[in-house]
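Asker: build me a model from this:
(4 chains)
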Amino acid sequence: MGATAAVAPYSNFAYSDSPRVLNYLAWPGNADPYLIAEFEKAHNVKVRIKEYVGGDQMLALLHQAPPGSFDVVMADAEYMHLLKEADFLQKLNPDDYPLDDYWPEFQEFPLHWFDGDLYSVMTDFGYLGLSYNTEVFRPEEVESYDVMLSDKAKGKVGFFDFYLPSMGCVSLAAGNKTPFDLSLAEFDLLSNKLMSLRGQASGFYTIADIFSSFSNRQATLIPGIGEWITLGLRESGVPVDTIIPNEGGLQWTESMSILKSSPKQDLARKFIQWTTSPKGQALMATKPDNKKSIPSKAGWELLNKTMPDEAELLRMQLNAPNVIDEFRTKKIAYRQLPSNQSIETWNDLWTDFKSA
Amino acid sequence: MNAALLSLKNISMEYSNFIAVDDLNLDIKKGEFISLMGPSGCGKSTTLRMMAGLDNPTSGALYLDGESQLEVPTEKRGMPMVWQNFALFPFLNVQKNIEFPLKMQGVPSEARSKKAAEWIERMGLTEFAKRNISQLSGGQRQRVALARALVTEPRILLLDEPLSALDSHLRIKMQTELVRLHKELGITFIYVTHSQSEAFTMSDRVVIMNQGKVQQIGTPKQIYRAPNNAFVAEFIGMNNLIPGAVLRLEDKTAEIRTDLGIFKARSFVGAQKDTPSKLVIAADCIHLDGSGEQKISGKISGEEFVGSVITLFIELKNGQEFKVQKQQHEVESLNLKYGADLTLSWNAENAFLLAS
Amino acid sequence: MNNYSDNLVLSKNISTKPSIKVRKGRWFPAALALPPLLWQFMFFVLPMFFLLALTFWEVKSYKPVPAFVMDNWIRILGSSSFQKALAYTIQMSTLSSIITIIIALPAACILAFRINKKHQPILIALLVVPVFTSYVLRTYAWQVVLSPQGLINWVFSHLGVTSIDMLGGAFALQIGYLTLCLPVVVLILTFSLLGVDRSQLEAASNLGCRPHQVFWHVLLPSIRNGILLAVTTVFMLTFSDYIAPLLLSGSNPPTLSILIVDTIKSGAQWPRAAVIGIVMMLFIGLVLWLSQLLSSKEKR
Amino acid sequence: MQARCIYFLERLYLLIIFGFIATPITMIVLFSFNKDRFPGFPWSGFSLRWYEAILNEPMVIESAINSITVGLSTALGATIIGFLAAYVDYRYKFRGKTALNLIVAIPPAIPPTVMGIALLAFFARIGLFGELKAIAIAHIAIASSFAMALISLRLKELDTSIESAAWNLGASRLQGIVFVILPHCRTAILAAFFLSFAVSFDEFMIAWFVGGLNETLPVRILNLLQGQVSPRINAIGTLVFALTFSLVASTLWLMKKKQPTT
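Answerer: Residues are numbered from 1 along each chain as shown, chains lettered A, B, ... in the order given. Sure thing, here's the model as predicted:
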């Protein structure tokens, strides 16, 4: 076969069931060499990522792939209970992970425990609010989500094409205090609010498109995203910022779990240990195009010691107002799955909104 | 079983909508030069292809030396063919073309090139041995095609209108060469042509075909002087036919009544009184000096020169056209003019009757 | 009568005549035909039937499971987002077919008739190359040109013209579709123009046709099949395209391809996506059938 | 004067058309050497950092190798399938021939999204999902159509009597193919090989659906485009353009090279 010549170098990369490969299901960019090079070198393994956008896609991938295809999954905390329900997750031993290094608020994160057993470890978190172009809007203009309906925002409101954060923020904007726990009437409020925004929309974007549409001013206002996008853009000189409007914001958290079917439990554990170690956490926080807040206090300390500039930018300084203070004071709701309606109902509304 | 080398028994070739060859019987003797002749579509090429095994008859049998051939695939029949368009392999040079059949037989390369070299020399192609086919003239291609077919020293050579792609002077030259080759090799040549002159000058025997049926088999002289039927008489061209009815019938002579008058002729087997018939007079048996015993008059309507032979077209009183073939010098001396009245005459022994 | 091809067609006749044995070796053509037949059956025909079957399946815990329910058909055909996407996609594809032909036809005429024969192959090659260079990237690159801070608006700002929004929406989508189709269509039309017998055009002029009459009454009718091929190609390509709506119009509003992928992304609704897929294929089939109907049957 | 004006307008029109076609490619190449992370005007300076970056990105390199593996397998498979289909079509008549021609010719007309879903669902059932093999198999089913078209075109130029002559001179059916048909079609076969490779190398939708963890280069590009903004994409793009350009150019050159005809 003519292909054999090409297969030879390919074998260096090994197949997915090779013990030297860790199969990792995560949001895009989480296998950036910046994050994993050291781990790969230390354990002489290769981390191979399958990227997904949105928790539903992640669920579908897990359900459809043959068991053993993935070793570690990184997902938003609210999806963990769906994974647990479907019996995908391996029970974890809390002693294996440096949870004591974490800020007290995150040591016993409720979405990770089921009947007193730990199934996931938080790796990073952030807030979702309203991101805006600072040359177009002044901070006082964007104190309420209502700015999205202003004339200035016409055709300039970008939407992250993932129903959960986007609809969560709109739900807050519609005045729902518990944005995901909605009565029928409250869901109607959300629906009406959403449809009223349709004419203002510039498009429905994947993550990269959010970066580019923000930087090329295709969109000047985007709800449902946060500093993890605007910080990186600001560093590159794009005039954008994120605010938590008066109606409130959302907190997202990302967590890692080991899949029950993984044949490489040991390696998977080591990978989570690396990611939650101070070094791993500091790297996680400072990744060039996706800045995140980290739950490990030890990580903060290391960050402040080694990269003080970054720590300031990320507002993760220990002796100054920081993101943990915001968590304590701001009206922040956890991002959750809809509790009274089915995911399908929300998804359908999102699809209707897009095509309206 | 007779001594025929190749024997066709009741061969038919039917397509869904017409019959290409209809119940054909033919015995070909060893070493003879036999031509299949007829108008296009008469089935002569199909017959040749069936001999070669390129087409399979729908019924009938084919014997070579008494052995049935129909189960033998074309490549095993050993009856190479010279094609109308030569069918030389354009991607091989002259020598490789000639070596091709030897290569198929598994002859080792040295023996192959030796054998090919002999034929290259014999055909006068020495300086072209390494040339591409596209660089050869028509005559050279013809010789390569012959060499390629003969290099395996077959017992039978099939030729499918091999001269029709050449211009006229080359055609006559090649005719001589073919006859010489046939004499030298002493093998059987089966030659398909629509050209009467080719068939009649080269062949020992000629087979006239029409609409899939054999019309006549015989030596050129037999066919020329005694056509079996009106089709043959008309097809071989230089005959004049006058339709009429048999008036009187004797042992050796007969009389026919036509609208041009009553004529005497040789009688024919199976003729009956008062039946429709045709009087046939060969064009070169007609005198212009009135010396023949049978006479008819007409006007000169046209003339045609081929070499030293001239054909005059004479319009008779009833509008029918008569052909008269003469040597040029004979005609010149008569000082003829278009439209001039002329008396044609012939002797009764040169006229004969054919059933309509 | 010169049936040069092998006589498989006659095998039926042969078998009815007991006196003749069929020549051995008929396994050979079968052996040749079998690999393409089997491969395309296994990996094209069968999956397509499977797709049809899939439309009747159910999704349970993000996984399609065999069933026989009409629910997917009812849900999709009745959903307003599907109807809107279908209408929008048809509208955009039709528009694109018209725009592409109008832009490509003059270019093809110039290429076929007005260009030095020496330069012709080079220009044609320049059209072929982009057809096979990453369409995803070529589409993505238009962002850089069309965005509010892109090339065009940058030039505008130097000319003192206020910037205009070009990205997002139908204009950008049509630019993307043109990127996809223009080279192909110019190629198709150029080749069909090159196939027109020049003496026909000369005869028309000779008989008193003015140039525009030659164009309308002789040239256009003689490349009718080429134009039909071009139109169906554009329709097919744009109707199925996922990239231009994703990268250039921000899925605003979604086309059928976007809808299919969304349907799978949200809740792994494979059966419903399959329904959309079947509908898409029906439409493409319809367009192919129509063009077959309209094409002139006479052979050149 | 008027003629010159028309001449000028024609050239201008062609220039605009070719300019339109060349614009995206130019942009990609231009910005692959740009210093800045976000593409914008004016250009911010020359840099090779994005090329260095992709050399250090194992997923890009791996996906490129995957693409080449899949591409070569596709090229080989599609050329064989396409050749056989073209030859059978050229040489034989039989019932069901139209059906065979159709199932080879149609796949490229099916929307890739739909084809992707159908194949994914099907492959998952027969246990082929998520393998490089699956991508190659699907690509062969599509690229055979192009391979068959190219080879058929060339076969049409071959006088049918040439192969008959070979049989008549003692060549078996197989020898006829090996010694007559293949030499006659060699450039078309090579062109079909390159073309199939190019088709596979540029296909992303089906590869995305059926590849699972195995990404080909276009899938990686699509994922990069959806996940991050990085001029690495431009650098990858420039390299991909260079490769496909040389592939297509050599195919065209091969097709153009005059072959002896009868």
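Asker: hey, let's count contacts and neighbours off CA atoms from now on
Answerer: Fine.
Asker: could you give the mean pLDDT of the longest helix seen in chain B?
Answerer: Taking DSSP state H as the criterion, chain B has its longest helix at helix B:168-185. Averaging pLDDT along helix B:168-185 gives 88.
Asker: do whichever helix or strand comes after it and chain C meet?
Answerer: The helix or strand immediately downstream of helix B:168-185 is strand B:188-193, counting by DSSP states H and E. No. Counting by C-alpha under 8 Å from any C-alpha of the partner chain, chain C has no neighbours in strand B:188-193; the shortest distance is 14.2 Å.
Asker: what mean pLDDT does strand B:188-193 have?
Answerer: 94.
Asker: just the residues contacting it, thanks.
Answerer: With C-alpha atoms under 8 Å, 6 or more residues apart in numbering or on different chains as the test, strand B:188-193 has contacts from B:29-38, B:44-45, B:48, B:155-161, B:182, B:199.
Asker: repeat for stretch B:336-356
Answerer: With C-alpha under 8 Å, 6+ apart, stretch B:336-356 has contacts from B:228-230, B:263-268, B:271, B:276-282, B:285-302.
Asker: repeat that for stretch A:21-29.
Answerer: A:14-16, A:45-54, A:58, A:69-75, A:264, A:267-268, D:223-224, D:227-228.
Asker: and if you look at stretch D:215-225?
Answerer: Taking C-alpha under 8 Å, 6+ apart as the rule, stretch D:215-225 contacts A:28, A:51, A:208-209, C:134, C:136-137, D:59-60, D:63-67, D:201-205, D:207-208, D:230, D:233.
Asker: sitting in strands, which of those do you find?
Answerer: Among these, the members falling in strands (DSSP state E) are A:E51.
Asker: which SS class is residue 124?
Answerer: Just so you know, I chose chain A. strand (DSSP: H, G, I helix; E, B strand; the rest coil).
Asker: the one 5 residues further on now?
Answerer: Classification of A:G129 into helix, strand or coil gives strand, according to three-state DSSP.
Asker: check contacts around it.
Answerer: A:C169, A:P223, A:G224, A:I225, A:G226, A:T242, A:I243, A:I244, A:P245, A:G248, A:G249, A:L250.
Asker: repeat the analysis, applying 7 Å as the threshold.
Answerer: Contacts were defined as C-alpha atoms under 7 Å, 6 or more residues apart in numbering or on different chains; by that measure A:G129 touches A:C169, A:P223, A:G224, A:I225, A:G226, A:T242, A:I243, A:I244, A:P245, A:G249, A:L250.
Asker: sitting in helices, which of those do you find?
Answerer: Reading helices off those with DSSP H, I get A:C169.
Asker: JSON lines for the contacts of A:G129, including pLDDT, distance to chain C and neighbour count?
Answerer: Shown next, in JSON lines, are these (pLDDT from 0 to 100; distance: C-alpha to the nearest C-alpha, whole Å; neighbours: other C-alpha atoms under 10 Å in any protein chain shown):
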{"residue": "A:C169", "pLDDT": "93", "distance to chain C": "19", "neighbour count": "29"}
{"residue": "A:P223", "pLDDT": "94", "distance to chain C": "16", "neighbour count": "27"}
{"residue": "A:G224", "pLDDT": "92", "distance to chain C": "17", "neighbour count": "25"}
{"residue": "A:I225", "pLDDT": "91", "distance to chain C": "17", "neighbour count": "26"}
{"residue": "A:G226", "pLDDT": "88", "distance to chain C": "20", "neighbour count": "26"}
{"residue": "A:T242", "pLDDT": "91", "distance to chain C": "21", "neighbour count": "26"}
{"residue": "A:I243", "pLDDT": "89", "distance to chain C": "24", "neighbour count": "22"}
{"residue": "A:I244", "pLDDT": "88", "distance to chain C": "25", "neighbour count": "23"}
{"residue": "A:P245", "pLDDT": "89", "distance to chain C": "26", "neighbour count": "24"}
{"residue": "A:G249", "pLDDT": "89", "distance to chain C": "24", "neighbour count": "29"}
{"residue": "A:L250", "pLDDT": "90", "distance to chain C": "21", "neighbour count": "24"}
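Asker: where does the stretch 151-300 of chain C get nearest to chain A, residue-wise?
Answerer: In the stretch 151-300 of chain C, the residue that lies nearest chain A is C:G250 (4.4 Å; C-alpha to the nearest C-alpha).
Asker: is it correct that that residue falls within a strand?
Answerer: No. Counting by three-state DSSP, C:G250 is located in no strand; its state is coil.
Asker: chain neighbours aside, what residue packs nearest to A:A219?
Answerer: Among residues not flanking A:A219 along the chain, A:K156 sits closest, at 4.5 Å (C-alpha to C-alpha, 6 or more residues apart in numbering or on different chains).
Asker: now swap in A:L189 and tell me
Answerer: Of all residues not flanking A:L189 in the chain, A:A174 sits nearest, at 6.0 Å (C-alpha to C-alpha, 6+ apart).
Asker: show me what contacts the one you found?
Answerer: Applying C-alpha under 7 Å, 6+ apart to A:A174 gives the contacts A:L189, A:L190, A:K193.
Asker: from those residues, which land in helices?
Answerer: Among the contacts of A:A174, the residues falling in helices (DSSP H) are A:L189, A:L190, A:K193.
Asker: list the buried residues of the helix or strand where D:L195 lies.
Answerer: In the assignment (DSSP H and E), D:L195 maps to helix D:182-202. In terms of neighbour count (16 or more other C-alpha atoms under 10 Å in any protein chain shown), helix D:182-202 has its buried residues at D:182, D:184-185, D:187-202.
Asker: cool, and stretch D:45-60?
Answerer: Neighbour counts over stretch D:45-60 (16+ other C-alpha under 10 Å) mark D:R49, D:W50, D:Y51, D:I54, D:P58, D:M59, D:V60 as buried.
Asker: can you give me the helices for chain B?
Answerer: B:44-52, B:74-77, B:94-104, B:109-122, B:138-150, B:168-185, B:196-202, B:220-225, B:230-235, B:328-332.
Asker: who does the third one touch, helix- and strand-wise?
Answerer: Which is helix B:94-104. Under the contact definition 3 or more C-alpha pairs under 7 Å, 6 or more residues apart in numbering or on different chains; DSSP states H and E, helix B:94-104 sits against helix B:109-122, helix B:138-150.
Asker: what residues does the stretch 201-350 of chain B have near chain A?
Answerer: For the stretch 201-350 of chain B, no residues are found near chain A under the criterion C-alpha under 7 Å from any C-alpha of the partner chain.
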